[in-house]
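Asks: Got a predicted structure here, sequence first:
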Amino acid sequence: MSLRPLKLIWLYFKVNIQNLAAYRFDMYMRIVVSIMHLISELMVVWIIFTGTQNVRGWQWQHMLVLVGVYRMVAGGIRIAIVPNMRKLLEDIREGSLDFALMRPVNTQFLISIREIVVYRVVDMILGLCVAAFGCYKLTGQLPLDEAILFAVLLAAGFVIVYGVWLILGTLCFWFIRVQNIEMVFWNVFEAGRFPIVIYPPGVRWTLTYLIPLAFITTVPAAALIGQESMLTPNAPIWAILMAVAMFIVSNRFWRFGLRHYSGASA
């Protein structure tokens, strides 16, 4: 197995670290903003559970785990998926995607690793700490037995999000103002801060199978808690199948889009 992809990732990682070092104060302020966002999400949980003991079977400890998972996913998306897809949209619009196409490496791989926002790792660390604290308050111990399944489902969630973003980015081969769709994505993603079971049946089905938000936040959180009753039937299997399907579909659509790219040199 060639180590070239790992070396390339490490190279871009170092470049992004160097760029970040030039604006340290901006990085510190963004970390503070991330902490404030987490505090506001925890305050929402506190407000909800001052008037009730549980929400459709979810106690405050469960909600802490979900908030932690949500923060981890949001941070992971902002580390590499969102910045790389934004750059892709810009490259397609300006015709500078040619520079990526001429490199002796898989183009989809290259356009997925060029931008790495390192300080967003703080979001994932904070989310992991909150989720671990919620699990500890629930059972008195850390869920080591559920950690592997949780990691697999979390990875599946990232693949699903990546596939969605790659499809949105590929649309830029035909449409000019695709950036506005990003706001729609984040507005829908906000619904992932709450368990899918609180929504009406029609919305719940939509957010599970049509817009697979449940497989991105609720399913990994429920798996970490170890509450099978909080999952839809065969949810882990569905999550993995959904991830595989999204990756294949987005890859095929990306290749189809490349055939319609004229570029600046055309």
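Replies: Arrived safely, thanks for sending.
Asks: mind checking how far Pro212 is from Leu153?
Replies: 12 Å (CB to CB, to the nearest Å). All C-beta spots, glycine's among them, are computed from the backbone N, C-alpha and C.
Asks: Compare those two and say which is more crowded by neighbours.
Replies: Shown here are Pro212 and Leu153; by other CB atoms under 10 Å, Leu153 has more neighbours (26 against 23).
Asks: roughly how far apart are the spatially most central residue of the chain and Arg71?
Replies: With distances taken as CA atoms, centre = their mean, the residue of the chain nearest its centroid is Ile77 (3.6 Å). From Ile77 across to Arg71, the span is 11 Å (CB to CB).
Asks: repeat for Leu8
Replies: Leu8 sits 29 Å away from Arg71, going by CB to CB.
Asks: Compare neighbour counts for those two and give me the winner.
Replies: Taking other CB under 10 Å, Leu8 and Arg71 do not tie; Arg71 has more neighbours (27 against 16).
Asks: can you give me the helices in the chain?
Replies: With helices called from DSSP state H, the chain shows them at 4-21, 24-48, 60-76, 82-94, 98-101, 107-111, 121-139, 147-170, 180-189, 201-205, 218-225, 235-258.
Asks: the inter-axis angle of the fourth one versus helix 180-189?
Replies: For helix 82-94 and helix 180-189, the angle between their directions (axes from the mean of the first three to the mean of the last three CA atoms, to 10 degrees) works out to 160 degrees.
Asks: low-scoring stretches of the chain, by residue?
Replies: 1-2, 177-179, 227-233, 263-266 (pLDDT under 70).
Asks: ok, the residue nearest to Ile92 when sequence neighbours are not counted - contacts?
Replies: Closest residue to Ile92 apart from its sequence neighbours, by CB to CB, 6 or more residues apart in numbering: Cys172 at 4.4 Å. Each residue near Cys172 by CB atoms under 8 Å, 6 or more residues apart in numbering is listed here: 88-89, 92-93, 178.
Asks: likewise Ala80?
Replies: Counting by CB under 8 Å, 6+ apart, Ala80 touches 112-113, 115-117.
Asks: And for the nearest residue to Ile198 once chain neighbours are set aside, the neighbour number?
Replies: Leaving aside its sequence neighbours, Ile198 sits nearest to Arg56 (CB to CB, 6+ apart; 5.3 Å). Here the number of neighbours of Arg56 (other CB under 10 Å) works out to 11.
Asks: likewise Val188?
Replies: For Val188, the tally of surrounding residues (other CB under 10 Å) stands at 14.
Asks: now do Lys14
Replies: The criterion is other CB under 10 Å. On that basis, Lys14 has 11 neighbouring residues.
Asks: surely Ser34 meets Gly127?
Replies: No. Judged on CB atoms under 8 Å, Ser34 makes no contact with Gly127 at a distance of 9.9 Å.
Asks: Looking at these two, which one has more neighbours?
Replies: Neighbours per residue (other CB under 10 Å) separate Ser34 from Gly127, with Gly127 holding more: 24 against 20.
Asks: mind listing what the more buried one touches?
Replies: Applying CB under 8 Å, 6+ apart, we find Gly127 in contact with 38, 67-75.
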